[in-house]
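# kindly return the folded structure for what I paste below:
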Amino acid sequence: AFIDEMRTEPVSLADAAIAACCSPAHATRCFRAVYGLGPIAYLQRVRIAHARRLLETTDLSAGEVALRVGFVSQPWFTRLFTR
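Modelled structure (predicted):
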C-alpha cells in the first residue's frame, strides 16, 4: 500500500521498510515472497502502468508523463516503458 500511495514520489527502500516497521533486508524478503519480485521492480511496474493510463488519456508528452509518475530521467522511463 505504501508503494502504491507513493508511486509518483521519490521513495527509497529504506522509506518502505520504515513504513513496514522492519529492516530493508527483511522488507525485501517479505515483499519478494508475496509478490514474486522486489519492491523496486514492483514500483517501476506501478509507475509504468500509471504512465500508460496518462499517455492514453492525456495529451502530455513522454517527458511530462515521466516526471508525473516519478521518473527523474525521461530516457530511463522510455527504456523501461518500451520493455
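
# who does the helix with the most length in the chain touch, helix- and strand-wise?
Among the segments of the chain that qualify as a helix by DSSP state H, the longest is helix 39-57. Using 3 or more Cβ pairs under 8 Å, 6 or more residues apart in numbering; DSSP states H and E, the elements in contact with helix 39-57 are helix 2-5, helix 13-19, helix 24-35, helix 62-68, helix 74-82. Every C-beta, even on glycine, is put in place using the N, C-alpha and C of the backbone.

# got the buried residues for the least confident helix or strand in the chain by mean pLDDT?
Within the chain, confidence by mean pLDDT, DSSP states H and E is lowest for helix 2-5 among all helices and strands, at a mean of 83. Judged by neighbour count using 16 or more other Cβ atoms under 10 Å, the buried positions of helix 2-5 are residue 3.

# try stretch 34-41
For stretch 34-41, a neighbour-count test (16+ other Cβ under 10 Å) marks residue 39 as buried.

# quick one: contacts of it?
The contact list for stretch 34-41 (Cβ atoms under 8 Å, 6 or more residues apart in numbering) reads 3, 13, 16, 27, 28, 31, 32, 42, 45.

# wait, the second one sits on residue 23?
No. No contact is recorded between residue 13 and residue 23 when judged using Cβ atoms under 8 Å, the distance being 10.0 Å.

# so what's the residue most central in space within the chain closest to, chain neighbours aside?
Among the residues of the chain, the one closest to the centroid is residue 43, at 2.5 Å (Cα atoms, centre = their mean). Closest residue to residue 43 apart from its sequence neighbours, by Cβ to Cβ, 6 or more residues apart in numbering: residue 3 at 5.3 Å.
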